[in-house]
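S.K.: how would this look folded up:
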Amino acid sequence: MAYKNISAGDFAGVDFGKVTIVDLREPDEVLVKGFEGALNIPFSEFYSKLDNVPKDKPVYVICRTGDFSEEIAEILDERGYDVTNVEGGFNAYAEYIKNAKPLFIDAKGLKCPGPIVKVADTVKDLPYGQRIYVEATEDAFASDIQVWCERTGNKLIDIDVKPEDIKVTIEKAKKEEPAAAERPHGKNFVVFSGDLDKTIAAFIMANGAAAMGRDVTIFFTFWGLNILRKAKKVKVKKSFIEKMFGFMMPRGTEKLGLSRMNMGGAGAKMIRGIMKKKNIRSLEQLMEDAMDHGVRLIACQMSMDIMGIRKEELIDGVELGGVSTFLGAGEQSDMSLFI
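M.R.: Just a heads-up that it's a prediction; the model follows:
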């Protein structure tokens, strides 16, 4: 017997991207819990599909209990394959994964999209059922990781959010594809501009969509972050450059100017006066209405870091998020607008 044997525990440590896994279980078993990229050839069909097994990489053969895989490993060995049998089969492997210590990912100090990218790169080559434990310090990670798990199908086991760090346990799982007939109806807005007129338009549309029962997310980035700043100055520790940014940028909605005909602020005052005269709700009231109706206001933390804006400076009710939060909302929407 020239073929090799490997325990379930050692098999879990194999880089699956560098080997060919031949899974001898039936398709319905593989559909529930399988291996990403594995070659599924049921034992009953193996002899007719033997030629489908490539020889360019080492081959690992697994079945439900390890009995059938021994026989197939011997056949492949006789035909010149570099083949290894997984002892105990998938049952032993699943039991090992269930009781294994989670793989640790240190994402502390990383900025968006760093933590999510590190998690995704690690999870990519892990077997289904494997758990990972992540520690991160970026506030936006709390939102991003929940959205990432939801959109990728991975299971969020636990999340512990504290001021000093965020600790998360995730289990790799298969994503269940939605039925073809299902179609998202959420609305997603990216507010890049800090102009009064554009901001009013964004919140009018957001409130209209919320009134239609749609899930609405508004993602504020770069100059749009000024909309979310508190009107009163908040004492926070900043570098000289960050202080200069804060001094030059408008603080809060009442300081926003128009994109056209601002006229040193006179244009913005005229627009506000006309809105009041025609009984149109002010921007501040529109924002309050939006939050009351469940519209999510997300501040891009990467942009905050660049512009020196601290979360203490933002109005109440604003969430911090990153690229995964935005993309997750976009995937659940049938309309995304960049304003």
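S.K.: nearest spatial neighbour of the spatially most central residue of the chain, skipping sequence neighbours?
M.R.: Residue closest to the mean C-alpha point of the chain, counted by C-alpha atoms, centre = their mean, is Trp148 at 2.2 Å. Leaving aside its chain neighbours, Trp148 sits nearest to Ser324 (4.6 Å; criterion: C-beta to C-beta, 6 or more residues apart in numbering). All C-beta spots, glycine's among them, are computed from the backbone N, C-alpha and C.
S.K.: so when I look at the one you found, I'm seeing a strand, right?
M.R.: No. Counting by DSSP: H, G, I helix; E, B strand; the rest coil, Ser324 falls outside a strand, being helix.
S.K.: which element is the residue nearest to the centre of the chain on?
M.R.: In the assignment (DSSP states H and E), Trp148 maps to helix 141-152.
S.K.: and that helix, what does it pack onto?
M.R.: Identification of packing neighbours for helix 141-152 by 3 or more C-beta pairs under 8 Å, 6 or more residues apart in numbering; DSSP states H and E yields helix 114-124, strand 155-161, strand 166-171, strand 319-321, helix 323-331.
S.K.: contacting residues around the fourth one?
M.R.: Here strand 319-321 makes contact (C-beta atoms under 8 Å, 6 or more residues apart in numbering) with 139-140, 142-144, 147, 219, 296-301, 304, 311, 325.
S.K.: picking up where we left off before, what angle do the helix holding Trp148 and strand 155-161 make?
M.R.: Using axes from the mean of the first three to the mean of the last three C-alpha atoms, to 10 degrees, the direction of helix 141-152 lies 170 degrees away from that of strand 155-161.
S.K.: Would you mind writing the CA trace of helix 141-152 as PDB?
M.R.: What follows is helix 141-152 as a C-alpha-only set of coordinates in PDB (Å, rounded to 0.1, in the frame of the first residue of the first chain):
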ATOM      1  CA  PHE A 141     -15.700  46.900  11.700                       C
ATOM      2  CA  ALA A 142     -18.700  46.200  14.000                       C
ATOM      3  CA  SER A 143     -21.100  47.000  11.100                       C
ATOM      4  CA  ASP A 144     -18.900  45.800   8.300                       C
ATOM      5  CA  ILE A 145     -18.400  42.300   9.700                       C
ATOM      6  CA  GLN A 146     -22.100  41.800  10.300                       C
ATOM      7  CA  VAL A 147     -23.000  42.900   6.700                       C
ATOM      8  CA  TRP A 148     -20.100  40.800   5.300                       C
ATOM      9  CA  CYS A 149     -21.300  37.700   7.100                       C
ATOM     10  CA  GLU A 150     -24.900  38.300   5.900                       C
ATOM     11  CA  ARG A 151     -23.900  38.800   2.300                       C
ATOM     12  CA  THR A 152     -21.300  36.000   2.000                       C
END
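S.K.: before we move on, the earlier item: do you know which of the helices and strands packed on helix 141-152 lies nearest Leu225?
M.R.: Closest to Leu225 of those, according to C-beta to C-beta: strand 319-321, at 10.9 Å.
S.K.: isn't Val61 right next to Glu74, touching?
M.R.: No. Counting by C-beta atoms under 8 Å, Val61 does not reach Glu74; the two are 9.6 Å apart.
S.K.: and the closest residue to Cys149 other than its chain neighbours, what does it touch?
M.R.: The shortest distance from Cys149 to any non-neighbouring residue, by C-beta to C-beta, 6+ apart, is to Leu156 (4.3 Å). When contacts are counted by C-beta under 8 Å, 6+ apart, Leu156 touches Ile145, Gln146, Cys149, Glu150, Val168, Thr169, Ile170.
S.K.: can you check Lys311 too?
M.R.: If a contact means C-beta under 8 Å, 6+ apart, then Lys311 has Asp139, Ala299, Met304, Val318, Leu320 as its contacts.
S.K.: cutoff 10 Å now
M.R.: By C-beta atoms under 10 Å, 6 or more residues apart in numbering, Lys311 lies in contact with Asp139, Ala140, Leu228, Val234, Val236, Ala299, Gln301, Met304, Val318, Glu319, Leu320.
S.K.: and if you look at Phe220?
M.R.: Residues in contact with Phe220 (C-beta under 10 Å, 6+ apart) are 189-194, 199, 202, 226-228, 297-300, 303-304, 314, 318, 321.
S.K.: From the residues you listed, list just the buried residues.
M.R.: Buried subset of the contacts of Phe220 (neighbour count, 16 or more other C-beta atoms under 10 Å): 189-194, 199, 202, 226-228, 297-300, 303-304, 314, 318, 321.
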